[in-house]
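>>> missing the sequence, but the structure's below:
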């Protein structure tokens, strides 16, 4: 069964350090999302890509966060410098062209759990 | 007031019980309503999807939407220990809009 792959699963870093997360969506899925889920909260969208273009990054803290999807396939989310409040689960999701936007069905990866000390 | 309110629980029930999970919302423009299930240390997975008002049934799961009350529910019949997870409601106004998630309700079904 096709899955969204994410790495690393767990990351512990000290504040002010740089961290990066990688996501490989389900093959053929044109839309890719990065969500942040703080413990006890629902996921919040950070950035959405359609192919290699950013569709929505209104909630991405651009002073320290960046995201790219250069060839419209896999994606990287970077945080530099990390702050204590960035401790959360970073979820990547993908959806097929068309259907995901209508039904809301996003296929999520297992997430990357970040702890900032 | 948050756009989507969901009681975080935790909710603990015995095996076989009927479970009711609920969300309220304030944005009357929401048209698409979903329930996601999230097991511990995993990503969410879509459980049920409903467009506009009404009921939808899938096996032991029933989703209800009452737009007049801005209230959605998920019912689980004959609950099983494998249903133990966090249930997230999610909704959006239209096909090109982002999903707004509730906080999630942590459910434990005890054997």
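Structure's in. What do you need? On a predicted model such as this, the values are computed, not experimentally measured, just so you know.
>>> how about the residues of chain B by chain A?
Within chain B, the positions adjacent to chain A are B:4, B:6, B:8, B:32, B:34, B:41-46, B:49, B:88, B:90, B:92, B:95-96, B:98-99, B:101-104 by C-beta under 8 Å from any C-beta of the partner chain. In short, each C-beta sits where N, CA and C put it, glycine included.
>>> which among those residues count as buried?
For these, a neighbour count by 16 or more other C-beta atoms under 10 Å in any protein chain shown gives the buried set as B:4, B:6, B:32, B:34, B:43-44, B:46, B:49, B:88, B:90, B:92, B:98-99, B:101-104.
>>> show residues contacting the one helix or strand residue A:93 maps to.
Element membership for residue A:93, per DSSP states H and E: strand A:88-95. Contact with strand A:88-95 is made by A:4, A:6, A:21, A:23, A:25-26, A:29-39, A:43, A:75, A:77, A:100-101, A:105-109, A:111-114, B:43-44, as judged by C-beta atoms under 8 Å, 6 or more residues apart in numbering or on different chains.
>>> direction included, what does it pair against?
Paired strands of strand A:88-95, with direction, are strand A:31-37 (antiparallel), strand A:107-108 (antiparallel), strand A:112-116 (antiparallel) (DSSP bridges).
>>> is residue B:34 in contact with residue B:87, as I believe?
No: contact criterion C-beta atoms under 8 Å: residue B:34 and residue B:87 do not qualify, at 10.8 Å.
>>> so what sits against both of those two?
Shared contacts of residue B:34 and residue B:87 (C-beta under 8 Å, 6+ apart): residue B:47.
>>> can I assume residue B:30 sits in a helix?
No: assignment of residue B:30 by DSSP: H, G, I helix; E, B strand; the rest coil gives coil, placing it outside any helix.
>>> got the residues of chain A near chain B?
Residues of chain A found near chain B (C-beta under 8 Å from any C-beta) are A:4, A:40-45, A:48, A:56, A:91, A:93, A:101-111, A:113.
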